[in-house]
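In: Fold the following and give me the result.
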Amino acid sequence: MEKIDVKKEYPLLYRVSHKEVVEVDVPALRYLMIDGMGDPNTTPEYAQAIEALFSVSYVTKFAVKRGSVGIDYGVMPLEGLWWADDWSAYTTTDRSQWKWTMMILQPDFVPDAVIDQAIDQVITKKNIDAARKLRLESYHEGRSAQILHMGPFTEEGPTIEKVHEFIDQRSVKRGKHHEIYLSDIRRAAPEKWKTIIRQPME
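Out: Numbering: from 1, shown residues only. Below is the predicted model of the structure:
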């Protein structure tokens with residue numbers, strides 16, 4: 001059986017240095033997505049969204065492995081798009097006003113029908129109702145700036161500022177603040193958390 005590390009297919013997007021901000025051209029990628037609003041630390045909707053995303057992604061993975069495609073691959077990391085209608089709510093950490101789209105990349109070789117079946121299975125057999133809100137969508141960021149942040153989420157500020165300064169010297173920001181969570185925060189110490197910070201630019 002063929003085994004694929006999908007992250008290795010996109011080394012510039014998932015193997016990111018913490019030493020300097022770099023510019024990348026992000027192609028259109030297919031994600032399983034779910035939208036919501038509120039503090040990710042306290043809003044039940046957020047925890048339910050994450051459960052739905054990972055449940056469907058793992059059911060899909062095993063269906064692909066056992067099915068006619070016959071490919072074994074690792075489920076991709078959780079990613080998040082973050083914004084607020086009033087940007088000051090985001091920069092002043094008024095998390096109750098934060099809006100988010102949480103998502104997990106789905107490899108190109110995975111048929112849409114398999115993902116649809118996985119969603120139905122998670123709803124009916126695992127009783128995860130939040131899976132009803134999931135959607136499969138192509139997301140194209142294009143020209144972007146990114147860097148790896150090492151440490152807790154609460155200390156991302158200076159890292160984000162580096163990305164914004166990099167863009168301001170070359171262009172203007174556009175789109176939504178994007179984070180890619182490479183660490184399992186349930187197991188790793190906060191100082192070892194690895195998060196890719198990405199921001200699209202004109």
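
In: What separates the first and last residues of stretch 117-135, distance-wise?
Out: 13 Å (Cα to Cα, to the nearest Å).

In: my bad, stretch 31-43
Out: Start-to-end span of stretch 31-43 (Cα to Cα) is 23 Å.

In: buried ones in it?
Out: 31-34, 36, 38, 40, 43 (16 or more other Cβ atoms under 10 Å). Where C-beta positions appear, they are placed from N, C-alpha and C, glycine not excepted.

In: Show me what that stretch is in contact with.
Out: With contacts defined as Cβ atoms under 8 Å, 6 or more residues apart in numbering, stretch 31-43 is touched by 45-46, 49, 52-53, 56-57, 79, 95-106, 115, 130, 133-139.

In: sorry, back to before: mind listing which of the buried residues of stretch 31-43 are in strands?
Out: Those of those mapping onto strands are 31-34, 36, per DSSP state E.

In: ok, so of these, who is nearest residue 111?
Out: Nearest to residue 111 out of these is residue 32 (Cβ to Cβ; 13.4 Å).

In: any idea how far residue 169 is from the closest one?
Out: 35 Å (Cβ to Cβ, to the nearest Å).

In: so residue 153 makes contact with residue 197?
Out: No - the criterion here is Cβ atoms under 8 Å, and residue 153 misses it with residue 197 at 10.5 Å.

In: What are the buried residues along stretch 169-177?
Out: 173, 175-177.

In: what about it, how long is it end to end?
Out: 18 Å.

In: From the chain's centre, how far out is it? Work that out for me.
Out: Stretch 169-177 has its C-alpha centroid displaced from the chain centroid by 19 Å (Cα atoms, centre = their mean, to the nearest Å).

In: which residues in the chain form helices?
Out: Residue ranges of the helices in the chain, as given by DSSP state H, are 6-9, 11-14, 44-66, 87-91, 112-125, 157-168.

In: Quick one: mean pLDDT for the third one?
Out: Think helix 44-66. Regarding helix 44-66, the rounded mean pLDDT is 97.

In: try the fifth one
Out: With pLDDT averaged residue by residue, helix 112-125 scores 97.

In: tell me which helix or strand of this protein sits lowest on mean pLDDT?
Out: helix 87-91 (a mean of 60; mean pLDDT, DSSP states H and E).

In: returning to what we had before: give me the more crowded residue out of residue 153 and residue 197.
Out: Using other Cβ atoms under 10 Å as the criterion, residue 153 and residue 197 rank with residue 197 on top: 22 against 14.

In: Residue 157 is in contact with the more buried one, correct?
Out: No - applying Cβ under 8 Å, one finds residue 197 not in contact with residue 157, separated by 10.5 Å.

In: joint contacts of those two?
Out: Between them, residue 197 and residue 157 share no contacting residue, judged by Cβ under 8 Å, 6+ apart.

In: now the spatially most central residue of the chain: how far from residue 101?
Out: Residue closest to the mean C-alpha point of the chain, counted by Cα atoms, centre = their mean, is residue 79 at 1.0 Å. From residue 79 across to residue 101, the span is 9 Å (Cβ to Cβ).
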